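Engineer: The sequence and its predicted three-dimensional model are supplied below.
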Amino acid sequence: MNPGGSKGSIIITGVGSGIGYETARCLLAQNYRIIGIDRQRGRFDELPAGDHLFLEADVRDFESQKQAIEREAAHHPIVGLVTCAGILVRRPYLELDEATFDQHLDVNLKGPFFACQAVLPAMRKQGNGSIVLISSSIARSGSVAGAHYAATKGGILGLARTLALETARDGVRVNVVSPGVTDTPMPRGHASDAEVLAKGAKIPLGRIGKPQDIAETIAFLISDDSSYITGQDIRVTGGAGLF
Amino acid sequence: MKTILITGAASGIGLATARRMAAHMQVVIADRNYEAAVLAADEIKTNGGQAFPVAVDVSVASSVARMTQEVAGSVGEVHALFCNAGISPKKPFEDWSEADWDSVIHTHIKGVFLCTQAFLPQMCNRKEGAIVTSGSDYSIVGHVHGSGYAAAKAGIYSLTKSIALEFAPYNIRCNSVGPGPIETPLIRKAMNDEQWARHKSQRGERVPMGRMGKPEEVASVVDFLVSDRAAYITGQIIHPNGGCVMW
């Protein structure tokens, strides 16, 4: 069942860059089989040799995402799902058009919703599994010109808690990681390299987050070290925005 | 090898954490019950770990000062701290005496204040340190007959955030672990086998995951928070609670 003593398969969406890529690297090193989903391979081929597979799919194409997951489930136990695929196109509230709104809802919230639906039958059947959904500190703090993004990330919290309750007796755990500003391509969509790094000066720990910081927290939530943690939101923010 | 000091380390969650941390750190077993601390340290040493027992009443400044001195002399530097010592009397609100209130507030909030203040200066000098305090689900949702305990735990979390902010520039992180219902010996010892079985199943039934947690399931969270895996996490509370409280 598990060639090479693998601990089982982890599905990672948005695996081609940023937090998704780093999570794949981190979990690969911990002997999981990685099934990466993204629109483009991106950095996927930079992963060290190991048990990994790339599936080209847009997380908005819910049916092909579901088929890809079910194909994997037929041959390997899926022990984890990490939904990193996400987009942020900033628009002042009154300038936000319906198409941009729908695009954010589809990628950031509807994609994870149906990815969870696709992995749950297999996880329930085997009696274990860990799902980690990526939200954002913006879900709580809000962000100027990011109302649509904040709405999707707030939605992730409600989705995770409900799924946690619905699956708790089946051995499945569902948690959220909420990063603060992280050194990935996403914040660079609207700011220069220097501007992104300069945000660290306002953060208590004195730097913006590294993708590795987020990946390690995801790996903790995937592992048995968090066996009594479900429905929780772990905020990896360097101490910014405590409440 | 780095050193972690754990208060209330001779039993329950503290002892489970001491056993777990002993795999990669030297552990100072600080407890009000010195005999139990010696037993715990002996067990860890028998299993190949390094442990040092010390007596302390965390609610008394002179006792914390004496412990700090003893640890400095016999063990040396302390790199991480788990402020875990706690008590949990249960009484209807109107029956809480001033002495009850003082002992709960002093053991929890003052205990964290005194212990962190004792070891923060050396962490500042090294520009490195990790502190974990012990919170509770009850600090968020309240606790019938445990009003003082819930208030104390909320106070600890507030203190945790302030320490996190004030010492972040020194690369010191301070977080809290907030367990839900855990099978601790304190609860176990107060019951006979039949009562315990009933309690376990009834209490577990109210948890979304359907069971109480084990001390080891809190220890693994403390280990994570102390480690570099949590290098960018500070001022947070993490709840190993089987899904009881989500916020």
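Structural biologist: That came in fine, so what should we check first? Residues are numbered from 1 along each chain as shown, chains lettered A, B, ... in the order given.
Engineer: C-alpha from now on. contacts and neighbour counts both.
Structural biologist: Will do.
Engineer: mind checking how far B:Lys161 is from A:Ala74?
Structural biologist: Distance, B:Lys161 to A:Ala74, using C-alpha to C-alpha, to the nearest Å: 46 Å.
Engineer: Am I right that A:Lys210 is in contact with A:Pro185?
Structural biologist: No - applying C-alpha atoms under 8 Å, one finds A:Lys210 not in contact with A:Pro185, separated by 11.6 Å.
Engineer: Following element in sequence after the longest strand seen in chain A, please.
Structural biologist: Criterion DSSP state E: the longest strand present in chain A is strand A:172-179. Downstream of strand A:172-179, the first helix or strand assigned by DSSP states H and E is helix A:193-198.
Engineer: Alpha carbons of the following helix or strand past that following helix, as PDB, please.
Structural biologist: Downstream of helix A:193-198, the next assigned helix or strand under DSSP H and E is helix A:211-222. In PDB, the C-alpha atoms belonging to helix A:211-222 read as follows (Å, rounded to 0.1, in the frame of the first residue of the first chain):
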ATOM      1  CA  PRO A 211       7.000  30.300   3.700                       C
ATOM      2  CA  GLN A 212       8.800  27.700   5.900                       C
ATOM      3  CA  ASP A 213       7.200  29.200   9.000                       C
ATOM      4  CA  ILE A 214       3.800  28.500   7.600                       C
ATOM      5  CA  ALA A 215       4.800  25.100   6.200                       C
ATOM      6  CA  GLU A 216       6.100  23.900   9.600                       C
ATOM      7  CA  THR A 217       2.700  24.900  11.200                       C
ATOM      8  CA  ILE A 218       0.900  23.000   8.500                       C
ATOM      9  CA  ALA A 219       3.100  20.000   9.000                       C
ATOM     10  CA  PHE A 220       2.400  20.100  12.800                       C
ATOM     11  CA  LEU A 221      -1.300  20.100  12.100                       C
ATOM     12  CA  ILE A 222      -1.000  17.200   9.600                       C
END
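Engineer: mean confidence score for helix A:211-222?
Structural biologist: The average pLDDT for helix A:211-222 rounds to 98.
Engineer: Can the helix or strand following that helix be said to contact chain B?
Structural biologist: As assigned by DSSP H and E, the chain's next helix or strand after helix A:211-222 is strand A:233-236. Yes - against chain B, strand A:233-236 shows contacts by C-alpha under 8 Å from any C-alpha of the partner chain at A:233-236.
Engineer: any chance you could map the helices in chain A?
Structural biologist: Per DSSP state H, chain A carries helices over the ranges A:18-29, A:62-75, A:98-105, A:111-126, A:138-141, A:147-167, A:193-198, A:211-222.
Engineer: Save these as a markdown table, and put in distance to chain B too.
Structural biologist: Listed next are the helices of chain A as a markdown table, based on distance: least, C-alpha to the nearest C-alpha, whole Å:
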| stretch | distance to chain B |
| --- | --- |
| helix A:18-29 | 11 |
| helix A:62-75 | 24 |
| helix A:98-105 | 22 |
| helix A:111-126 | 13 |
| helix A:138-141 | 11 |
| helix A:147-167 | 6 |
| helix A:193-198 | 15 |
| helix A:211-222 | 5 |
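Engineer: Between A:Lys210 and A:Pro185, which has more neighbouring residues?
Structural biologist: Taking other C-alpha atoms under 10 Å in any protein chain shown, A:Lys210 and A:Pro185 do not tie; A:Lys210 has more neighbours (20 against 13).
Engineer: contacting residues for the more buried one?
Structural biologist: Counting by C-alpha atoms under 8 Å, 6 or more residues apart in numbering or on different chains, A:Lys210 touches A:182-184.
Engineer: Of these, which are in range of chain B?
Structural biologist: With C-alpha under 8 Å from any C-alpha as the criterion, no member of the contacts of A:Lys210 is in contact with chain B.
Engineer: If you rank every helix and strand of chain B by mean pLDDT, what lands last?
Structural biologist: Ranking every helix and strand in chain B by mean pLDDT, DSSP states H and E puts helix B:185-189 at the bottom, with a mean of 83.
Engineer: What residues of the helix or strand that that helix is followed by count as buried?
Structural biologist: Sequence-wise, the next helix or strand downstream of helix B:185-189 (DSSP H and E) is helix B:193-205. Applying a neighbour-count criterion of 16 or more other C-alpha atoms under 10 Å in any protein chain shown, one finds B:196, B:199-200, B:204 buried in helix B:193-205.
Engineer: go on, stretch A:179-198?
Structural biologist: A:179-184, A:186-187, A:196-197.
Engineer: next one: stretch B:212-229
Structural biologist: Taking 16+ other C-alpha under 10 Å as the basis for neighbour counts, the residues of stretch B:212-229 that come out buried are B:212-226, B:229.
Engineer: hmm, back to that, I'd like the contacts of A:Lys210 laid out as CSV, including pLDDT.
Structural biologist: Listed next are these as CSV, based on pLDDT from 0 to 100:
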residue, pLDDT
A:Thr182, 96
A:Asp183, 95
A:Thr184, 94
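Engineer: Identify, from these, the entry nearest to chain B.
Structural biologist: Nearest to chain B among the contacts of A:Lys210: A:Thr182, at 10.5 Å, using C-alpha to the nearest C-alpha.
Engineer: Could you tell me how many residues sit around the nearest residue to the closest one once chain neighbours are set aside?
Structural biologist: In space, and not counting its chain neighbours, A:Thr182 is closest to A:Gly209: 4.3 Å by C-alpha to C-alpha, 6 or more residues apart in numbering or on different chains. The burial count assigned to A:Gly209 is 24, neighbours taken as other C-alpha under 10 Å.
Engineer: follow-up on the earlier one: got the contact list for the least confident helix or strand of chain B?
Structural biologist: B:11-12, B:196.
Engineer: Now for residue 109: which residues touch it?
Structural biologist: Went with chain A since none was named. Counting by C-alpha under 8 Å, 6+ apart, A:Leu109 touches A:152-153, A:155-156.
Engineer: other chain: chain B
Structural biologist: B:152-153, B:155-156, B:159.
Engineer: Contact residues of chain B facing chain A?
Structural biologist: Counting by C-alpha under 8 Å from any C-alpha, the residues of chain B near chain A are B:161, B:164-165, B:168-169, B:171, B:208-210, B:213, B:217-218, B:220-221, B:224, B:229-236, B:238-243, B:246-247.
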